[in-house]
Each structure stands twice: as structure tokens, then as C-alpha cells.
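Asks: okay, here's the prediction I keep looking at, along with the sequence it came from:
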Amino acid sequence: MRVIASQVQAQMANASWIRKMFEKGAELKKQFGAENVCDFSLGNPDIPPPPRTREVLMSLADSAAQPLGLGYCPNAGLPAFREALAVFLSAQQHAPVKAAQVVVTCGAAGALTSFFRAVLEPGDEVLCPAPYFVEYGAYCGHFGGVLKPVPALPPDFQPDLASMEAAVTDKTRVIIINSPNNPTGCIYSQATLSRLGALVDRVNVGRGRALFLVSDEPYRFLAYDGAVVPPILPLSPFTLVLGSFSKSLSLAGERVGYIAANPQMPEVDLLMNAVTMTNRTLGFVNAPVLGQRLAMALLNEGVDLSVYDRRRRSMAKVLAEAGIRFAMPQGAFYFFPEAPGGDDQAFVRALLAQNVLAVPGSGFGYPGYFRLSFSVDEAVIARSAAGFKAAVGLLQH
């Protein structure tokens, strides 16, 4: 007797490698002690929120006019927060975004899921460069969408635009990009994005159903060495941007994100009304109100980026000394090095034998590489050096 849907059963059988490694890490920590395990499997922001966060929370609790104010709010988010986000995103995206073109969501994942529900028909295709965030397939698959990854070009992992254009069919409904990228740390260049925008505009000429270009940007704030993350909205009328405050404010558990549409998009109000409805009918109802109030008060603040940069440099030193080849990440908090010997799963197993946890690139649709999150204390990075060297040595003998 079958008790769950076959599609969900298939998803469970191919459960996220990230979660598998996270669970394996919990086992190792219980067996050997947390101080003896170096866990780089999960991108969980671990540095404190901005210093003013406590003050904001206390002021919300002490507000005489509206103490905490934790009741339902409009499905698209607190009106004042949408207005503030519109101003914020207009400056960031170099486009005149209005509050009506912004929907506040339960994290970036809620934004993407609500958007897919609003635009996808069964059989529609969602194109993305690989490697990619593994949950994209499930997010669109819930509504009959089909994820079509197109391998990016090493060593810097810029999208292969010729191959992406060749992959577009009449069924292609969305092209989704993620920059700064999880898992590579790559930032897509202005030239790359401009060509993508031009591709979308060419495809949309004479089309009955729009092709959208969506930029998933939860790591936008994390760009190193003066790198610039180009805005997506000016590139085509059919662009949207989504993000969250999980990483930039270290408020991952509060689940506050957003999606914003290009104000020049045909029928933009209809689309945002649809996303507002699906945000409700998928069961999110509204993003957590306390999180919205926190994010609104801290909108122009952020965590200490220098902490992540120091960790990035420490991780690069450990990998270089172990003889592991990698491209220095321009953004986010991940490395995506080449797997010594070429077999990413074999190398991850060799690391496990040294109590070091990483995620094979196969889990991101890109075998032969592996992902490391440096959202961990510098002491953990330093402690891992011997394990990396030993794992490389094991595969050389």
C-alpha cells in the first residue's frame, strides 16, 4: 500500500546531499565530540545579527501603541515594509520599483515557490546554469515544472550562454540565476547578464506566454575585493529579483524574504496579485510579522562582512597547502574546489574518514567538484588542515 505521492517518494530517495552530510555530521559529533569534527556542509549563518538588533526587539516589545503587533498582516506584507523595500530595491536595482511590485515572502524559498505556482503549467521548463541550488528542482516540480540545468564553464563558472540559448524551447517559462552563486561563489558578470537579458527579449518577441528571467540573490551583500553584483531589473522588462534577510542580517530563522518585478513588465500588477494569492494559498499566509518589523528597522544595516572575508582567506590557505585546486570565490560563503582524483563522492568519503564534512558536487548537478561552506569559526578551518592533507594523501596512494 502506497501512502505518499510517487513524486515525493522520488525526491526523498534523492534527498539533498547537504542534509545527508549535515545528519552525518551530527552522528560524528556525537561519536567523537564536536571539537573533533570539522563541518563545512551547511550554509548556516553563524555570526551575530547587527548590534542594534537587540535594541529594535526591545523597542518592539515596549511599544505602547502596538506592543509587538504579532497578528495577521496583509498577504503581501506590512505596507510600510513594502514601501521601504521598494525604495531600497530601487536604489539597488537601478529601477523605479513601487510597493505594488514587491511581495514580502517566507524567505527567498517562499518567494520562488509562490512565483512558480503563479506562472508554471505542468510540463513548463525552468532553465538554470549548473551547479545550482539543489532545491530548485523540487520548488518547480511541485507544480509540474521541469528543471533543465545547463553546465557552466569552469574555472570561473560563468553560464555557458550559447548552450543555454540552445536549450530554450517553446516550453521554457523561466530562466533562473543565482549570483553570488551557491555553491561556487561566482558572481555573474555584467556582460553575461546583459546577454541573458537580450536572449529573453529575443525569445519573447511574438510569444503568447512570457519567458521570465529571475535572479535569486540572498548572497548579494557578500561580495569581496570590491566585486560588484550587477542589477538584474534594467536588463529586460521580463525580469524579477528575489532575496532574503537570512544571511545579510543573520535572521535565517525569521524567514523573511521578498520578490520584486520590473515595473515595465507587461501586466506586472496581475503577476504580483497572483504571487500574493499563491503566497496565501500555499499556506504561507504572510511572512512572520516580527521578522518583517526587524528587517524594516535594520534594512540599511548588515552583519560584519570582514568576518566572512577572513574565513575565506583562511580556507583558501588550507586548500592551497593541501594541493587542492580551486577558484577563489568572489561572493557568498562557499568554495567549490576540484575533487582530487576527479571523483567527488570518493573524495568526500575520504574527508569523512578524517572527520571533515563537505558536500559532493553531484548534489549540485556538477560532479567532479565539492562544496565547502566557510560559515564556520576560523578555528574550525584551521583545525581542518591536517584532515584535508590526509584525504588528498589517501587518494594518491
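Replies: Nice, I can see it.

Asks: give me the pLDDT for residue 291.
Replies: With respect to pLDDT, residue 291 has a value of 93.

Asks: typo on my end, it should be residue 258
Replies: Per the predicted model, pLDDT is 98 at residue 258.

Asks: excluding chain neighbours, what is closest to it?
Replies: Residue nearest to residue 258 in three dimensions, not counting chain neighbours: residue 104, with 5.3 Å by CB to CB, 6 or more residues apart in numbering. Bear in mind the C-beta positions are built from the backbone N, C-alpha and C, glycine included.

Asks: now the one you found: how far from residue 125?
Replies: Going from residue 104 to residue 125 by CB to CB, to the nearest Å gives 28 Å.

Asks: equivalent analysis for residue 153, please.
Replies: Distance from residue 153 to residue 125, counting by CB to CB: 21 Å.

Asks: so for those two, which residue has more residues nearby?
Replies: The neighbour count for residue 153 versus residue 125, taken as other CB atoms under 10 Å, is higher for residue 125 (20 against 13).

Asks: the more buried one reaches residue 169, doesn't it?
Replies: Yes: Residue 125 lies in contact with residue 169 (CB atoms under 8 Å); the separation is 6.5 Å.

Asks: tell me how many other residues surround the nearest residue to residue 304 once chain neighbours are set aside.
Replies: Excluding the flanking residues, the one nearest residue 304 by CB to CB, 6+ apart is residue 47, at 6.4 Å. Residues contacting residue 47 under the criterion other CB under 10 Å number 15.

Asks: where's residue 47 relative to residue 222, distance?
Replies: Residue 47 is 11 Å from residue 222, where distance means CB to CB.

Asks: put the alpha carbons of the strand or helix carrying residue 84 into CSV.
Replies: Assigned by DSSP states H and E, residue 84 belongs to helix 79-93. Taking Å, rounded to 0.1, in the frame of the first residue of the first chain, the C-alpha atoms of helix 79-93 are listed here in CSV:
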residue,chain,number,x,y,z
PRO,A,79,2.5,48.1,3.8
ALA,A,80,5.2,50.2,5.5
PHE,A,81,7.8,47.5,4.9
ARG,A,82,6.8,47.1,1.2
GLU,A,83,7.2,50.8,0.8
ALA,A,84,10.6,50.7,2.5
LEU,A,85,11.7,47.7,0.4
ALA,A,86,10.6,49.5,-2.8
VAL,A,87,12.9,52.4,-2.0
PHE,A,88,15.7,50.1,-1.0
LEU,A,89,15.4,47.9,-4.2
SER,A,90,15.0,50.9,-6.5
ALA,A,91,18.5,52.1,-5.4
GLN,A,92,20.0,48.6,-5.5
GLN,A,93,18.5,47.6,-8.8
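
Asks: for that helix, packing partners?
Replies: In terms of contacts (3 or more CB pairs under 8 Å, 6 or more residues apart in numbering; DSSP states H and E), helix 79-93 is packed against strand 102-105, strand 257-261, helix 289-297.

Asks: so which of those is nearest residue 43?
Replies: For residue 43, the closest of those is strand 257-261, at 15.3 Å, according to CB to CB.

Asks: hey, what's the angle from that closest one to helix 289-297? Just curious.
Replies: Angle between the axes of strand 257-261 and helix 289-297 is 60 degrees (criterion: axes from the mean of the first three to the mean of the last three CA atoms, to 10 degrees).

Asks: what's the angle from strand 257-261 to helix 79-93?
Replies: Relative orientation of strand 257-261 versus helix 79-93 (the same axes, to 10 degrees): 60 degrees.

Asks: got the contact list for the closest residue to residue 257 other than its chain neighbours?
Replies: Counting by CB to CB, 6+ apart, residue 257 lies nearest to residue 244, which is 3.6 Å off, once chain neighbours are set aside. Listed by CB atoms under 8 Å, 6 or more residues apart in numbering, the contact partners of residue 244 are 107-108, 111, 218, 256-258.

Asks: need those residues in a markdown table (columns: neighbour count).
Replies: What follows is those, written out as a markdown table (neighbours: other CB atoms under 10 Å):
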| residue | neighbour count |
| --- | --- |
| 107 | 26 |
| 108 | 25 |
| 111 | 29 |
| 218 | 25 |
| 256 | 29 |
| 257 | 25 |
| 258 | 28 |
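
Asks: sec struct for residue 253, please.
Replies: Three-state call for residue 253 (DSSP: H, G, I helix; E, B strand; the rest coil): helix.

Asks: contacting residues around it?
Replies: Contacts for residue 253 were tallied using CB under 8 Å, 6+ apart; there are none.

Asks: got a pLDDT number for it?
Replies: 88.

Asks: so what's residue 335 up against?
Replies: With CB under 8 Å, 6+ apart, residue 335 has these contacts: 185, 315-316, 319, 326, 329, 371-372, 374.

Asks: cool, and residue 222?
Replies: Applying CB under 8 Å, 6+ apart, we find residue 222 in contact with 180, 247-248, 305, 308, 331-333.

Asks: one more time with 6 Å
Replies: Listed by CB atoms under 6 Å, 6 or more residues apart in numbering, the contact set of residue 222 reads 180, 331-332.

Asks: since that was my last question, I'll sign off now.
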